[in-house]
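Asker: here is a sequence together with a model predicted from it:
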Amino acid sequence: MTPHSLMPLPPISSSRPSFLKSSLNDENENNDNEEGRRAKDNEAELLKRKAAQYRKEAEKLQLSLGLQKIDALESEIRQFMEKDHPTANGKKKLDEWRQKVEDLVRGTVRNKDDAEGILAGLSSFSARKDTSSSALPPSASTSMQQTSTLEKDILKKEILELEKRLATGDIDQADAKKQLDALNKKVDSLMALASEKLPALSEGEIKSAIAFINSLSMPVRDTLARAAGYDDGYESISNMEEFVANLYRNKDTSMSTLRRLYGGAYSKNLFGGFEIETVETIDSDDDYTVVSLNELIEIATENKSMAMELFPRNFQDAEEDVLPTEADAQTVFQVLDQNTFMASERPLKVNGGYLIRGINKRKSASELLDVVEGKIIKVNPSWKEKFQLNFVEITTDTPTELTELALLITPNSFPPTAPALLNILTTTISIFFSFVYCINTFAGNEVVMQKLKEASEMASVGSYDITWFNSLLVPLLVTLGASQGAHELAHLLVAWANQIKLTPPTILPSQALPYLSFQNRIKTSPKDYNTLFDLAFVGPIAGLTASFLALLYGLQLTTTADSTTAQLLPSLSVDFATRSALGSTLIDLILGGGDGILLQQDGATQIPLHPIAVAGFLGLIINALDLIPIGSTDGGRMSQAIFGRVWHLTFSSLVFLVLFISSFVSDSQGILLGYLFIYSFTQRDMEIPCRNEIDKVELPRAIAALVSWLVAVLILVPLR
């Protein structure tokens, strides 16, 4: 529906109106003085009439522009009515739109009767549908009205001035001609603006514009929003496509206006919320103002982006030749659209790959990845052979938000950065110290030490027998290795089922235990956080189960051992045994009848235990330490899967602080302090990115994690 279908107005001609065509050159000068005077009077009267007609034509132009805006809003109402909106909110919105139409009509049309006639003819008020609507979009009509307001005001003033001068006779023929020519040009320009139709933006141009706008700082975005007519700034924009269209229509905004708007927008976006009092003179040549603003900008931009600091070092320090190039990132960017992922910026190069911030337009993160990867394969079938697409949460620099969504383009494999020789050396040292530790569990048994001394003396003459000792040491080593083997086998089975590649385990040493842990690095990304949780959870649970059973069985063997065997059993000190509330409670329950006998003993007293019981007790502590939710331990992976990277960092930092304080208060054996020391060098980073880090783990897994952490607390909290 055009403005002329709303009200029977004469169309505005795109050419110059006939009354503006000066006929001064067609007049024949008469030598007769009387006829010359009459001719001048007639010409002055003609100019006066033309000026009056000129003003009417300008008012028609203003009315036409106003009606275009009315028609656009009325078209929105009609489209709204074509849908079924029976709710109260729908009716309320319709009433608000109708009120806007009434206000626009009555504000544009001076004659009350004409205004009521226009309202009666609008389809949204008469339930009449017009399928031939061709009204300009709201963005177009609004921008034309804003752009032409100043020119129309100036034009009116000049017309009134010309009428005044004609009425008083304070103008000659030559001046009248010049002014008419000038007014002719201005009317031509104004009419061209009213009828201007800029080329439509393509979908790709709109997407690129949105991406570029969102890559700008907030003050610049606020400036552009206000320049496009959004007085409340960038945050008030609900439709980015319409915003781009408004910017397109207002592309000729003056530089001085932009500078003034930027000064105001920047002062409102400073950290702390204070404003710059001198922003009104930002477009002046005052050096002091410019210097002050630059200094404030430098201060406000000191907070650099920390988007990638939550990802591990081996990811960020990947070799350049395995990282995706800009062309690889563009392969992803070009398949994104409004139905998949609304990118708010172009691919941004970061440590480890490329980042694309934006909004997911699909129902879930997994669906988004499936759809986008399907499009990527069609464009470049070999792309996935080297790279992968991850949907992650990253930290944001904006003070109002903690995280934002982003697509992360990375290699599809993350080899460890530590040298293989270093891992082998660490494992070898750890195995040696584990062997020594297990032998040392017999050090508190005087009978064993005396017999070993005798065997050593006999070795000097070539005859000795220590098979009795090996029969006790081997069960300890085998049981300890079996519990850890169950731990690692569970990891491998889940990794195999989910096509996750792991590095060979590196055994980490400990000064208070046989070893600290077996460390596996993940080389290929898990599908999602559920998969990461399963991979992390099954290992410690399998190890704890095996150790718990070994401890129970070993305690039973201890109670049934004959006197000869009982004299040769390894032992744990009371002080060490009470480092575990759960372990020492089981020992006291089975060996002491649950009478709290351990609490009544001196800390240096040795408790003889069967080797399998010793191995089970040590296995409980080792696997419980692996459940501590910090860094990239198994417990840390579980925490990351439940909370995400940002909150896992907060949670693990709190846990680390508690452990650090506890290591000085109640850790007489140095288990926790040694653990924190080794952890700081080996496992303080978070895990490599999962393919889908948006969907967190399901509730049953979260409950399982909570229960496992409570068990770990019972094992690691001392009994006294």
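Answerer: Good, I have the coordinates.
Asker: now do Glu404: how many residues are near it, please.
Answerer: Counted with other Cβ atoms under 10 Å, the neighbours of Glu404 add up to 17. For the C-beta atoms, the positions are set from N, CA and C on the backbone; glycine is no exception.
Asker: same thing with Trp496?
Answerer: With neighbours defined by other Cβ under 10 Å, the count for Trp496 comes to 11.
Asker: wait, a strand at it?
Answerer: No. Going by DSSP: H, G, I helix; E, B strand; the rest coil, the assignment for Trp496 is helix, not a strand.
Asker: can you give me the strands in the stretch 301-450 of the chain?
Answerer: Here the stretch 301-450 of the chain has its strands, by DSSP state E, counting those that start in this stretch, at 341-343, 348-350, 353-360, 387-395, 403-411.
Asker: could you dump the ones you listed to TSV with distance to Thr633?
Answerer: Listed next are the strands of the stretch 301-450 of the chain as TSV, based on distance: least, Cβ to Cβ, whole Å:
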stretch	distance to Thr633
strand 341-343	33
strand 348-350	26
strand 353-360	25
strand 387-395	21
strand 403-411	23
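Asker: make CSV out of the ones you listed and add mean pLDDT and distance to Leu591.
Answerer: Listed next are those as CSV, based on pLDDT from 0 to 100; distance: least, Cβ to Cβ, whole Å:
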stretch, mean pLDDT, distance to Leu591
strand 341-343, 86, 62
strand 348-350, 87, 58
strand 353-360, 89, 57
strand 387-395, 91, 51
strand 403-411, 90, 52
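Asker: quick one, which of those is nearest to Val461?
Answerer: With respect to Val461, and counting by Cβ to Cβ, the nearest of those is strand 403-411 at 63.7 Å.
Asker: which strands border the closest one, and is each parallel or antiparallel?
Answerer: strand 353-360 (antiparallel), strand 387-395 (antiparallel) (DSSP bridges).
Asker: would you mark the buried spots in the shortest one?
Answerer: It refers to strand 353-360. Neighbour-count burial for strand 353-360 flags 353-358, 360 (criterion: 16 or more other Cβ atoms under 10 Å).
Asker: which one of these sits closest to Val447?
Answerer: Nearest to Val447 among the buried residues of strand 353-360 is Gly353, at 63.0 Å by Cβ to Cβ.
Asker: can you give me the distance of the closest one to Leu407?
Answerer: Distance, Gly353 to Leu407, by Cβ to Cβ, to the nearest Å: 10 Å.
Asker: could I get the contacting residues of the residue nearest to Asp317 when sequence neighbours are not counted?
Answerer: Residue nearest to Asp317 in three dimensions, not counting chain neighbours: Thr417, with 5.8 Å by Cβ to Cβ, 6 or more residues apart in numbering. Each residue near Thr417 by Cβ atoms under 8 Å, 6 or more residues apart in numbering is listed here: 313-314, 317.
Asker: cutoff 10 Å now
Answerer: Thr417 sits next to 312-319, 521 when contact means Cβ atoms under 10 Å, 6 or more residues apart in numbering.
Asker: buried ones among these?
Answerer: 312, 314-315, 318, 521.
Asker: what's the most distant pair in the residues you listed?
Answerer: Pairwise over the buried ones among the contacts of Thr417, using Cβ to Cβ, the maximum falls at Ala318 and Arg521, 13.4 Å.
Asker: which neighbours do Gly353 and Leu407 have in common?
Answerer: 329, 347, 389-390.
Asker: dump those residues to JSON lines, plus neighbour count.
Answerer: Shown next, in JSON lines, are these (neighbours: other Cβ atoms under 10 Å):
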{"residue": "Ala329", "neighbour count": "21"}
{"residue": "Pro347", "neighbour count": "22"}
{"residue": "Leu389", "neighbour count": "22"}
{"residue": "Asn390", "neighbour count": "20"}
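Asker: how about the strands in the stretch 601-720 of the chain?
Answerer: Going by DSSP E, counting those that start in this stretch, the stretch 601-720 of the chain shows strands at 606-608.
Asker: quick check on Pro419: phi, psi?
Answerer: phi -60, psi 140 (degrees, to the nearest 10).
Asker: oh, I was asking about Glu205
Answerer: Taking degrees, to the nearest 10 as the convention, Glu205 sits at phi -70, psi -40.
Asker: where's it relative to Thr605, distance?
Answerer: 82 Å.
Asker: quick one, what contacts Phe643?
Answerer: Applying Cβ under 10 Å, 6+ apart to Phe643 gives the contacts 529, 629, 649-652, 696-697, 702.
Asker: ok, Ala536 next?
Answerer: 491, 494, 520, 522, 526, 626-627, 629, 632-641, 687, 705.
Asker: how about 6 Å then?
Answerer: Counting by Cβ atoms under 6 Å, 6 or more residues apart in numbering, Ala536 touches 634, 637-638.
Asker: swap in Ser663?
Answerer: By Cβ under 6 Å, 6+ apart, the neighbours of Ser663 are 672-673.
Asker: and the pLDDT for it?
Answerer: With respect to pLDDT, Ser663 scores 85.
Asker: dump the contacts of Phe643 to a markdown table, plus neighbour count and pLDDT.
Answerer: Shown next, in a markdown table, are these (neighbours: other Cβ atoms under 10 Å; pLDDT from 0 to 100):
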| residue | neighbour count | pLDDT |
| --- | --- | --- |
| Tyr529 | 25 | 95 |
| Pro629 | 25 | 94 |
| Leu649 | 19 | 90 |
| Thr650 | 10 | 91 |
| Phe651 | 17 | 93 |
| Ser652 | 23 | 92 |
| Lys696 | 18 | 85 |
| Val697 | 22 | 90 |
| Ala702 | 16 | 94 |
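Asker: right, I'll call it a day here.
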